[in-house]
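**Q** Give me a model of this one.
(one chain, ligands or ions: 1)
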Amino acid sequence: MFSHVTPENYEPQLEEKRISMETLFAEFDLPKTEIFRSEPQNYRLRAEFRLWHEGDDLFFIMFNKETKEKFKVESFPVASKLINRAMQVLLNDIRDKKVLRERLFQVDFLSTKSGELLISMLYHKPLDDEWQNQTMALRDRLNTQLGKVDIVGRARKQKVILDRDFVDEVLHVDGQALKYQQVENSFTQPNGGVNEHMLSWAKSVTQNLQGDLIELYCGNGNFSIALADNFTRVLGTEISKTSVNSAQLNIASNNKDNIKIVRISSEEFSQAMNGERTFRRLADIDLTDYNYETVLVDPPRAGLDDDSLELVSRFERIVYISCNPNTLKDNLKTLSKTHEVKNFALFDQFPFTDHIETGVYLIKKTN
Ligand SMILES: C[S@@+](CC[C@H](N)C(=O)[O-])C[C@H]1O[C@@H](n2cnc3c(N)ncnc32)[C@H](O)[C@@H]1O
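**A** Numbers count the residues shown, from 1 in each chain. Presented below is the predicted three-dimensional model:
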């Protein structure tokens, strides 16, 4: 199923993406596409598998997107080496342990470049003390074989954390080591190496801008922290409580004192900026005090809603990180009326899939 995921096939698939992007965006006056490569294999830091039980045996399975048929996954070449090792060690360990394997239907792995691993085990049964005792022993065995491993158990209305439900990642950006807490089940960029390229690219396009940075969809502060030194202040906004909590922690652990993060949706933030509504969550922040020249957006696949798009179009400079070329194209139709694209980058965050990550830097037209 994954025989095409080889170093030899890497460049041709990337070239296909470059051509498809340049065709899709042909109507815009774009600069040359900057290309940022991934490792051809073992680049994905998170992976989720269903479990298949057959008599006394159990396997990881995935489903064929076209035929919907299940297939057995013994190794997953796009996932990190640590995840591949953990897949085997975990199954071999729990295969003969009734309490651990019974009614286990999914396992999620979250690994880091820094060598940590969090395993989430999802069950169709309540998790009792016996399960917890056996899982602690499992965690200790995995620790001796795999390094720093944590396990979280999930069942209906239940989440059991043994020690931690997060990993600590370290990303290297232009010679700086940046620390990020990444919590189970919250958004993190899946390809750590390409994420480092994205952060470095965003740093380079915003170098020497000064002023303040307003950021929509800031997640755990991935860009906020990497870009903080380029700006006087950073104001990040994000809807997920878990990600906002991580962002606050990450600001402290990276010793940044010029970043504020607010838990607010981009739609609500646009309303606050337009003076249409006031929010208690923004009570400590004087929105009139910020310099609104540079904005960074990294929206989900749906792209920017109309109000956020309108808000963003008021800024002099826009950094737009996109994981969906089609919604990016729609949004660019509006933004290119007022802004010119200065940089256009393809980040190969998802090799051997149809997904394409893009970075666009725009500045306001002078007329
Ligand atoms: C593609 S992720 C980017 C996160 C972050 N910039 C990063 O690099 O890790 C999109 C983020 O938008 C958040 N989000 C989704 N819908 C939102 C909304 N309506 N308003 C604000 N944030 C939203 C998600 O929780 C997620 O953290």
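
**Q** Quick one: residues contacting residue 305.
**A** 266-267, 270 (C-beta atoms under 8 Å, 6 or more residues apart in numbering). Every residue, glycine included, has its C-beta placed from N, CA and C.

**Q** swap in residue 57?
**A** Going by C-beta under 8 Å, 6+ apart, the list of residues near residue 57 reads residue 95.

**Q** Bridge partners for it, pull those for me.
**A** Beta bridges link residue 57 to residue 54 when assigned by DSSP bridges.

**Q** Regarding residue 201, what is its secondary structure?
**A** In terms of secondary structure, residue 201 is helix; the call rests on DSSP: H, G, I helix; E, B strand; the rest coil.

**Q** my read: it touches residue 359, true?
**A** Yes. Applying C-beta atoms under 8 Å, one finds residue 201 in contact with residue 359, separated by 5.6 Å.

**Q** re earlier: filter the contacts of residue 305 down to just the buried residues.
**A** By neighbour count, with 16 or more other C-beta atoms under 10 Å, these hold 266, 270 as buried.

**Q** before we move on, the earlier item: so which of residue 201 and residue 359 has more stuff around it?
**A** A direct count of neighbours by other C-beta atoms under 10 Å for residue 201 and residue 359 places residue 359 higher, at 23 against 20.

**Q** what about residue 74, is that helix, strand or coil?
**A** Going by three-state DSSP: residue 74 is coil.

**Q** How many neighbouring residues does it have?
**A** 10.

**Q** about what we covered before: so what sits against both of residue 201 and residue 359?
**A** Listed as contacting both residue 201 and residue 359 by C-beta under 8 Å, 6+ apart are 343, 345, 347.

**Q** top of those by neighbour count?
**A** residue 347 (24 neighbours).

**Q** ok, what's across the strand from it?
**A** Taking DSSP bridges, one obtains residue 36, residue 357 as the residues bridged to residue 347.

**Q** Distance of it relative to residue 195?
**A** The gap separating residue 347 from residue 195 is 8 Å, by C-beta to C-beta, to the nearest Å.

**Q** list the residues that contact both of these two?
**A** Common neighbours of residue 347 and residue 195 (C-beta under 8 Å, 6+ apart) do not exist.

**Q** for stretch 343-356, how far is the first residue from the last?
**A** Using C-alpha to C-alpha, to the nearest Å, the span of stretch 343-356 from its first residue to its last is 16 Å.

**Q** Is the ligand within reach of it?
**A** No. Legend: contact between stretch 343-356 and the ligand by C-beta under 6 Å from any ligand atom is lacking; minimum distance shown is 10.5 Å.

**Q** Also stretch 185-195?
**A** Yes. Stretch 185-195 is in contact with the ligand by C-beta under 6 Å from any ligand atom, via 187-189.

**Q** returning to that earlier point: tell me which of the contacts of residue 305 is nearest to residue 226?
**A** residue 266 (20.3 Å; C-beta to C-beta).

**Q** Wasn't residue 160 part of a strand?
**A** Yes. Using three-state DSSP, the assignment for residue 160 is a strand.

**Q** Check it and give its pLDDT.
**A** pLDDT recorded at residue 160 is 98.

**Q** okay, now the residue lying closest to it once chain neighbours are set aside: neighbour count?
**A** Spatially, and ignoring its direct neighbours in sequence, residue 160 is nearest to residue 153 (4.0 Å; C-beta to C-beta, 6 or more residues apart in numbering). The tally of other residues near residue 153 (other C-beta under 10 Å) stands at 20.

**Q** Equivalent analysis for residue 63, please.
**A** Around residue 63 there are 11 residues (other C-beta under 10 Å).

**Q** host element of the closest residue to residue 263 other than its chain neighbours?
**A** In space, and not counting its chain neighbours, residue 263 is closest to residue 244: 4.4 Å by C-beta to C-beta, 6+ apart. Counting by DSSP states H and E, the element that carries residue 244 is helix 241-253.

**Q** buried ones in that helix?
**A** 242-251.

**Q** Assign a three-state SS to the residue nearest to residue 160, would you?
**A** Residue 153 ends up strand, using three-state DSSP.

**Q** In the protein, what residue comes closest to the ligand?
**A** residue 219 (2.8 Å; C-beta to the nearest ligand atom).

**Q** now that residue: how far from residue 239?
**A** The gap separating residue 219 from residue 239 is 10 Å, by C-beta to C-beta.

**Q** Tell me the residues on this structure that lie near the ligand, please.
**A** Counting by C-beta under 6 Å from any ligand atom, the chain comes close to the ligand at 187-189, 217-220, 222-223, 238-240, 243, 265-267, 298, 300, 323.

**Q** And those, which of them are buried?
**A** For those, buried by 16+ other C-beta under 10 Å: 187-189, 217-220, 222-223, 238-240, 243, 265-266, 298, 323.

**Q** What is the subsequent helix or strand relative to the helix holding residue 244?
**A** Using DSSP H and E, the helix or strand that follows helix 241-253 in sequence is strand 259-263.

**Q** Adjacent strands (with direction) for that following strand?
**A** strand 233-238 (parallel).

**Q** The strand it pairs with: how far from the chain's middle?
**A** Computed by C-alpha atoms, centre = their mean, to the nearest Å, the chain-centroid distance of strand 233-238 equals 17 Å.

**Q** repeat for stretch 240-249
**A** Mean-position distance between stretch 240-249 and its chain equals 14 Å (C-alpha atoms, centre = their mean).
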